[in-house]
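**Q** can you look at this prediction? I've put the sequence above it.
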Amino acid sequence: MSLDIAPFLAVGLDVSFANVNLAEAKLMLVGAQDDVTAAFAQLAAALGYQDNRFFSLPLTSLHPGLRLEELVSRSRRLLATLCVLRVFAV
């Protein structure tokens, strides 16, 4: 009676690949968290804060009656205005 170990080796190999994928995912998560922290630091600096801060966004719209397209359009117009003001402020 011979015991075929090939299925056990295949399972072990699958587990090893899964562990490698898990380790890669954990590294990606840490990288993404670092990116979020860096983005908050940039936002805080852009808003004039001297220290790092974390911000949260409301889950509901501040303008519930407006469609997304209209909000984006308004934002673009305001961004253009802010850019012009920034040029003249320097």
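**A** Yep, it's here.

**Q** for the rest of this, base every contact and every neighbour count on C-alpha atoms.
**A** Will do.

**Q** what's in contact with stretch 50-59?
**A** Stretch 50-59 is contacted by residues 37, 40-41, 44-45 when judged by C-alpha atoms under 8 Å, 6 or more residues apart in numbering.

**Q** strands - which of those land there?
**A** Among the contacts of stretch 50-59, DSSP state E puts none in strands.

**Q** now the buried members of the residues you listed.
**A** 40-41, 44 (16 or more other C-alpha atoms under 10 Å).

**Q** of those, closest to residue 79?
**A** residue 44 (17.9 Å; C-alpha to C-alpha).

**Q** still on that earlier bit, export the contacts of stretch 50-59 to a markdown table and tack on pLDDT and distance to residue 78?
**A** As requested, the contacts of stretch 50-59 are exported to a markdown table (pLDDT from 0 to 100; distance: C-alpha to C-alpha, whole Å):
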| residue | pLDDT | distance to residue 78 |
| --- | --- | --- |
| 37 | 93 | 26 |
| 40 | 92 | 22 |
| 41 | 93 | 23 |
| 44 | 91 | 20 |
| 45 | 91 | 20 |
